[in-house]
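**Student:** pasted the sequence and its predicted model underneath.
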Amino acid sequence: MQALSPSTPTGNLRPTSYVRTRRPSGPSRIVRCIYRSDPVHFPNGIGASRADWQSSCAILNASNKTFSHQDQPAEAHGGGSDHVAAVNGHKAAIDLKLVPIDSSNSSAPAVPQPPKPLTITDLSPAPMHGSRLRVAYQGVPGAYSEAAAGKAYPNCEAIPCDQFEVAFQAVELWIADRAVLPVENSLGGSIHRNYDLLLRHRLHIVGEVQLPVHHCLLALPGTRMDYLSRVISHPQALSQCEHTLTKLCPQAAREAVDDTAGAAEYIAVNNLRDTAAIASARAAKLYGLQVLADGIQDDSSNVTRFVMLAREPIIPRTDRPFKTSIVFAHDQGTSVLFKVLSAFAFRNISLTKIESRPHRNRPIRLVDDANVGTAKHFEYMFYIDFEASLAEVRAQNALAEVQEFTSFLRVLGSYPMDMTPWSPSA
Ligand SMILES: O=C(O)C(=O)C[C@]1(C(=O)O)C=C[C@@H](O)C=C1
């Protein structure tokens, strides 16, 4: 099993061809590279088999084909909850001259073909990569992020990536249609890396899912809890089980790894008899481990919130509860925060989340006072989620006001709230 990594597809798993398309106007671009794969299925919203990323890559003979654009309402892919803005949904790729033509078929001299006119079928939703949405997540099969991808898009093909950054890039490079990434956990707090990446990349939040996270302590069959010298897992999982772990195996050191299921796989592959992993029951099954303890999160209300990202925003609506995520900064730093928050308070708009991260471009603001010296204020980017749709006038007015108080403002997305009934990780 190999997760998509920075060397994929541009490194050792380089695909043998890309399919390119040229838009009616503008330059040609890579829209897809095709790998042979045994993708993960989500028959009931949960992944069932492992994706198998191979270096081999199908070469499309596109001489007589037209392909549809991938971005379209998620239902067309057999599930999903976001509707990508049709205004950006170029439905057909009409000029495929850049695709290598299969030379085995070319006994006759090549006659230049005039471009074919668009037909009504070119405009109907038919993804060029088959009928399933491809969803990038960080981790390997059995990770909670894979389960979140299955909850967000029930029939999707889940694409494992070894880093969050790679999941962003997979969508940007059209290798995946969506990315599903954790942003916060009810016990462990924010996943800061993803807040920073949301700002660095140009993807749009098109949805959210909240996943109850039920952790197990996994080890090779026959391992005894009192012989454990090490527990390995994702830092979030370690922090969500901190107190329980201290009670269960106080002698064991804790070590952070990239993801929970990756920790389980690592134990199995290296036959580690003194090490346990915190991961899902599904990871135990996938990697042949035994469940030493079940439900080891410190509180049953252990929920991780994931956001779904796409290249295009969705059209905000008012017929169901929506949330909007923004990020802003100001030259005068935290002094404007109160004014910004009042723009929402005056309109009865509830905030559901506020987060601050270092302002990487300008981390410190110096304020000189000849009498007392120089004050050094840290600068921040503020992230806010509020409960309103951008289609609502009160939200538009609030943002117009926020813009007056800020030197930088970006809407990360306006998207349906996850309203699934509450079920803690029992
Ligand atoms: O390691 C995994 O299984 C993940 O999907 C990552 C992650 C996270 O980043 O928070 C997701 C959910 C859990 O909170 C623990 C870990």
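**Tutor:** Sure thing, it's come through. Numbering: from 1, shown residues only.

**Student:** my read is that residue 238 contacts residue 217, right?
**Tutor:** No. Using C-beta atoms under 8 Å, residue 238 is not in contact with residue 217; the gap is 11.5 Å. (Glycine included, C-beta is placed from N, CA and C.)

**Student:** more neighbours, these two?
**Tutor:** With neighbours defined as other C-beta atoms under 10 Å, residue 238 and residue 217 compare such that residue 217 has more, 28 against 21.

**Student:** state the helix or strand in which that one lies.
**Tutor:** Using DSSP states H and E, residue 217 falls within strand 216-219.

**Student:** ok now that strand, how far from the chain's centre?
**Tutor:** A distance of 26 Å separates the centroid of the chain from that of strand 216-219, by C-alpha atoms, centre = their mean, to the nearest Å.

**Student:** check whether that strand contacts the ligand.
**Tutor:** No. Applying C-beta under 6 Å from any ligand atom, one finds strand 216-219 separated from the ligand by no less than 11.9 Å.

**Student:** name the residues that touch that strand?
**Tutor:** Outside strand 216-219, the residues within contact range by C-beta atoms under 8 Å, 6 or more residues apart in numbering are 225, 228, 231, 245, 248, 264, 267, 273, 275-281, 283-284, 287, 289-296.

**Student:** kindly recompute the last result at 7 Å.
**Tutor:** 248, 264, 267, 276-281, 283-284, 289-294, 296 (C-beta atoms under 7 Å, 6 or more residues apart in numbering).

**Student:** of the residues you listed, buried ones?
**Tutor:** Neighbour counting with 16 or more other C-beta atoms under 10 Å marks 248, 264, 267, 276-281, 283-284, 289, 291-293, 296 as buried within the contacts of strand 216-219.

**Student:** out of these, list just those in strands.
**Tutor:** 276-279, 291-293 (DSSP state E).

**Student:** pull up the overlap in contacts between residue 238 and residue 217.
**Tutor:** Joint contacts of residue 238 and residue 217 (C-beta under 7 Å, 6+ apart) are residue 278.

**Student:** tally of neighbours for residue 235?
**Tutor:** Using other C-beta under 10 Å, the number of residues around residue 235 comes to 14.

**Student:** that should have said residue 329, apologies.
**Tutor:** 22.

**Student:** grab the nearest non-local neighbour of it.
**Tutor:** The shortest distance from residue 329 to any residue other than its chain neighbours is 4.5 Å, reached at residue 408 (C-beta to C-beta, 6 or more residues apart in numbering).

**Student:** same question for residue 248.
**Tutor:** Among residues not flanking residue 248 along the chain, residue 293 sits closest, at 5.9 Å (C-beta to C-beta, 6+ apart).

**Student:** work out for me the element the closest residue to the ligand within the stretch 301-426 of the chain sits within.
**Tutor:** For the stretch 301-426 of the chain, the residue closest to the ligand is residue 304, as judged by C-beta to the nearest ligand atom, at 3.8 Å. Using DSSP H and E, residue 304 maps to strand 303-310.

**Student:** now whichever helix or strand comes after that strand - C-alpha only, CSV.
**Tutor:** Downstream of strand 303-310, the first helix or strand assigned by DSSP H and E is strand 322-329. The C-alpha coordinates for strand 322-329 follow below in CSV (Å, rounded to 0.1, in the frame of the first residue of the first chain):
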residue,chain,number,x,y,z
PHE,A,322,-25.1,27.0,6.3
LYS,A,323,-21.8,28.0,7.9
THR,A,324,-19.3,30.4,6.5
SER,A,325,-15.6,30.4,7.2
ILE,A,326,-13.4,33.4,6.8
VAL,A,327,-9.8,34.4,7.6
PHE,A,328,-8.7,38.0,8.2
ALA,A,329,-5.8,40.2,9.5
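
**Student:** give me the mean pLDDT for strand 322-329.
**Tutor:** Summarised as a single mean, pLDDT over strand 322-329 is 97.

**Student:** elements contacting that strand?
**Tutor:** strand 380-386, strand 408-416 (3 or more C-beta pairs under 7 Å, 6 or more residues apart in numbering; DSSP states H and E).

**Student:** out of the contacts of strand 216-219, which are close to the ligand?
**Tutor:** Answer for these near the ligand: none qualify (C-beta under 6 Å from any ligand atom).

**Student:** average model confidence for the strand holding residue 304?
**Tutor:** Averaged across strand 303-310, pLDDT comes to 98.

**Student:** stretch 188-198 too?
**Tutor:** For stretch 188-198, the mean pLDDT works out to 96.

**Student:** can you pull the buried residues of it?
**Tutor:** Neighbour-count burial for stretch 188-198 flags 188, 190-191, 193-198 (criterion: 16+ other C-beta under 10 Å).

**Student:** geometric centre of this protein: which residue is closest?
**Tutor:** Centroid-nearest residue in the chain, with C-alpha atoms, centre = their mean: residue 180, separated by 2.6 Å.

**Student:** what's near enough to touch the residue nearest to residue 144 when sequence neighbours are not counted?
**Tutor:** Nearest in space to residue 144, with sequence neighbours left out and distances taken as C-beta to C-beta, 6+ apart, is residue 213 at 5.6 Å. Contacts here follow C-beta under 7 Å, 6+ apart; on that basis residue 213 touches 144, 240, 297, 302-304, 425.

**Student:** can you check residue 167 too?
**Tutor:** Counting by C-beta under 7 Å, 6+ apart, residue 167 makes contact with 136-138, 161, 179, 181.

**Student:** with residue 413 as the reference, measure out to it.
**Tutor:** 16 Å (C-beta to C-beta, to the nearest Å).

**Student:** between the one helix or strand the residue nearest to the centre of the chain maps to and strand 380-386, how many degrees?
**Tutor:** If you go by DSSP H and E, residue 180 is part of strand 178-185. Taking axes from the mean of the first three to the mean of the last three C-alpha atoms, to 10 degrees, strand 178-185 and strand 380-386 form an angle of 100 degrees between their directions.

**Student:** run the chain-centre distance for strand 178-185.
**Tutor:** A distance of 5 Å separates the centroid of the chain from that of strand 178-185, by C-alpha atoms, centre = their mean.

**Student:** what angle separates that strand from strand 303-310?
**Tutor:** Going by the same axes, to 10 degrees, strand 178-185 makes 150 degrees with strand 303-310.

**Student:** lovely, talk soon.
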